[in-house]
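Enquirer: quick one: sequence plus predicted model below, questions after.
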Amino acid sequence: MRYKSGTKEYNRWYYLKNQDKLKRVRAKWYQANKERATINAREYYIRTFEAKRNVRTRWYREIRKKILNKLGNKCILCGFDNPWALQVDHINGGGTKEIKKQGGKKVYYQMVLEDINGKYQLLCANCNWIKRHENNENHIVSKYLTSFKK
Ligand SMILES: [Zn+2]
(Lines give C-alpha, C1' and ligand atoms only; values in the text may rest on other atoms or scores of the structure.)
Protein backbone atom coordinates (compact mmCIF):
# COMPACT_ATOMS: atom_id res chain seq x y z
CA MET A 1 0.00 0.00 0.00
CA ARG A 2 1.32 3.44 -0.91
CA TYR A 3 0.34 6.56 0.96
CA LYS A 4 1.56 10.07 0.41
CA SER A 5 4.19 10.81 3.02
CA GLY A 6 3.09 13.24 5.71
CA THR A 7 -0.56 12.25 5.64
CA LYS A 8 -2.37 10.66 8.57
CA GLU A 9 -2.75 7.38 6.67
CA TYR A 10 0.93 7.30 5.85
CA ASN A 11 1.90 7.96 9.44
CA ARG A 12 -0.31 5.16 10.66
CA TRP A 13 1.00 2.77 8.03
CA TYR A 14 4.57 3.73 8.89
CA TYR A 15 3.90 3.31 12.59
CA LEU A 16 2.36 -0.14 12.15
CA LYS A 17 5.19 -1.25 9.91
CA ASN A 18 7.93 -0.07 12.30
CA GLN A 19 6.09 -0.49 15.58
CA ASP A 20 8.79 -2.50 17.36
CA LYS A 21 11.59 -0.28 16.20
CA LEU A 22 9.71 2.87 17.17
CA LYS A 23 8.89 1.46 20.59
CA ARG A 24 12.57 0.70 21.15
CA VAL A 25 13.60 4.18 20.05
CA ARG A 26 11.00 5.75 22.30
CA ALA A 27 11.97 3.61 25.28
CA LYS A 28 15.62 4.53 24.79
CA TRP A 29 14.76 8.20 24.53
CA TYR A 30 12.67 7.91 27.69
CA GLN A 31 15.54 6.31 29.62
CA ALA A 32 17.86 9.13 28.57
CA ASN A 33 15.32 11.93 29.12
CA LYS A 34 13.20 10.89 32.05
CA GLU A 35 12.94 14.39 33.44
CA ARG A 36 12.01 15.91 30.11
CA ALA A 37 9.45 13.15 29.60
CA THR A 38 7.82 13.88 32.95
CA ILE A 39 7.64 17.56 32.12
CA ASN A 40 6.21 16.82 28.69
CA ALA A 41 3.57 14.57 30.17
CA ARG A 42 2.62 17.15 32.77
CA GLU A 43 2.44 19.91 30.17
CA TYR A 44 0.33 17.71 27.96
CA TYR A 45 -1.96 16.99 30.90
CA ILE A 46 -2.31 20.67 31.74
CA ARG A 47 -2.96 21.66 28.12
CA THR A 48 -5.56 19.08 27.32
CA PHE A 49 -7.30 18.16 30.57
CA GLU A 50 -7.44 21.63 32.01
CA ALA A 51 -8.74 22.99 28.74
CA LYS A 52 -11.43 20.33 28.69
CA ARG A 53 -12.30 21.03 32.29
CA ASN A 54 -12.61 24.74 31.57
CA VAL A 55 -14.91 24.07 28.65
CA ARG A 56 -17.02 21.82 30.86
CA THR A 57 -17.12 24.33 33.72
CA ARG A 58 -18.10 27.12 31.35
CA TRP A 59 -20.82 24.94 29.84
CA TYR A 60 -22.31 24.17 33.25
CA ARG A 61 -22.12 27.79 34.32
CA GLU A 62 -23.89 28.92 31.15
CA ILE A 63 -26.64 26.34 31.21
CA ARG A 64 -27.20 26.88 34.93
CA LYS A 65 -27.61 30.59 34.30
CA LYS A 66 -30.13 29.85 31.54
CA ILE A 67 -32.04 27.45 33.78
CA LEU A 68 -32.15 29.93 36.66
CA ASN A 69 -33.41 32.61 34.26
CA LYS A 70 -36.03 30.29 32.89
CA LEU A 71 -37.27 29.31 36.35
CA GLY A 72 -37.41 32.84 37.73
CA ASN A 73 -34.05 33.33 39.54
CA LYS A 74 -35.48 32.82 43.02
CA CYS A 75 -36.88 30.26 45.42
CA ILE A 76 -40.60 29.89 44.67
CA LEU A 77 -41.41 29.33 48.35
CA CYS A 78 -39.50 32.04 50.20
CA GLY A 79 -38.08 34.28 47.49
CA PHE A 80 -34.43 33.68 48.38
CA ASP A 81 -32.41 34.70 45.33
CA ASN A 82 -28.72 33.94 45.87
CA PRO A 83 -27.87 31.71 42.89
CA TRP A 84 -25.29 29.74 44.91
CA ALA A 85 -27.98 28.21 47.08
CA LEU A 86 -30.70 27.77 44.47
CA GLN A 87 -31.49 24.25 43.41
CA VAL A 88 -33.55 22.85 40.58
CA ASP A 89 -36.36 20.80 42.03
CA HIS A 90 -38.43 18.25 40.19
CA ILE A 91 -41.97 19.23 41.22
CA ASN A 92 -43.19 15.65 41.61
CA GLY A 93 -39.98 14.47 43.22
CA GLY A 94 -37.53 11.91 41.91
CA GLY A 95 -35.06 14.39 40.41
CA THR A 96 -31.96 12.41 41.20
CA LYS A 97 -33.54 9.20 39.97
CA GLU A 98 -34.24 10.93 36.71
CA ILE A 99 -30.63 12.07 36.41
CA LYS A 100 -29.47 8.48 36.73
CA LYS A 101 -32.12 7.20 34.36
CA GLN A 102 -31.28 9.78 31.72
CA GLY A 103 -27.56 9.12 31.99
CA GLY A 104 -25.95 12.08 33.64
CA LYS A 105 -26.09 15.61 34.93
CA LYS A 106 -25.45 17.12 31.51
CA VAL A 107 -28.48 15.42 29.97
CA TYR A 108 -30.56 16.34 33.01
CA TYR A 109 -29.64 20.03 32.74
CA GLN A 110 -30.47 19.99 29.05
CA MET A 111 -33.80 18.37 29.87
CA VAL A 112 -34.63 20.97 32.50
CA LEU A 113 -33.81 23.74 30.08
CA GLU A 114 -35.90 22.27 27.28
CA ASP A 115 -38.85 21.24 29.46
CA ILE A 116 -42.12 22.86 28.39
CA ASN A 117 -44.41 21.07 30.85
CA GLY A 118 -43.37 23.06 33.91
CA LYS A 119 -41.98 19.98 35.65
CA TYR A 120 -39.25 21.92 37.42
CA GLN A 121 -39.07 24.75 39.91
CA LEU A 122 -36.41 26.61 41.85
CA LEU A 123 -36.03 26.08 45.55
CA CYS A 124 -33.37 27.39 47.87
CA ALA A 125 -31.39 24.76 49.73
CA ASN A 126 -33.44 25.24 52.91
CA CYS A 127 -36.83 24.92 51.27
CA ASN A 128 -35.59 21.97 49.25
CA TRP A 129 -34.50 20.08 52.39
CA ILE A 130 -37.78 20.91 54.12
CA LYS A 131 -39.77 19.73 51.10
CA ARG A 132 -37.77 16.52 50.91
CA HIS A 133 -38.31 15.91 54.58
CA GLU A 134 -42.04 16.60 54.40
CA ASN A 135 -42.52 14.40 51.36
CA ASN A 136 -40.24 11.79 52.86
CA GLU A 137 -38.26 11.91 49.62
CA ASN A 138 -35.00 11.55 51.39
CA HIS A 139 -35.05 7.92 52.39
CA ILE A 140 -31.33 7.64 52.91
CA VAL A 141 -31.15 10.68 55.16
CA SER A 142 -34.17 9.68 57.22
CA LYS A 143 -32.75 6.18 57.59
CA TYR A 144 -29.50 7.76 58.74
CA LEU A 145 -31.26 9.99 61.23
CA THR A 146 -33.43 7.24 62.71
CA SER A 147 -30.32 5.18 63.30
CA PHE A 148 -29.42 7.76 65.96
CA LYS A 149 -32.74 7.59 67.74
CA LYS A 150 -32.26 4.08 69.08
ZN1 LIG B 1 -36.67 29.03 49.94
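Expert: Yes, it's here.
Enquirer: mean confidence score for the helix or strand encompassing D20?
Expert: Element membership of D20, judged by DSSP states H and E, is helix 19-32. Summarised as a single mean, pLDDT over helix 19-32 is 93.
Enquirer: show me where this protein has its helices.
Expert: 8-17, 19-32, 34-45, 51-70, 95-102, 105-114, 125-134, 139-149 (DSSP state H).
Enquirer: looking at those, spot the one closest to I76.
Expert: I76 sits nearest to helix 125-134 of all those, at 8.1 Å, using Cβ to Cβ. From N, CA and C alone the C-beta is placed, and that goes for glycine too.
Enquirer: roughly how far is that closest one from the heart of the chain?
Expert: 25 Å (Cα atoms, centre = their mean, to the nearest Å).
Enquirer: buried ones in stretch 68-77?
Expert: 68, 71, 74-75, 77 (16 or more other Cβ atoms under 10 Å).
Enquirer: stretch 86-96 now?
Expert: Buried residues in stretch 86-96, counted by 16+ other Cβ under 10 Å: 86, 88-90, 95.
Enquirer: mind listing which of the residues you listed are in strands?
Expert: Of the positions in these, 86, 88-90 sit in strands, assigned by DSSP state E.
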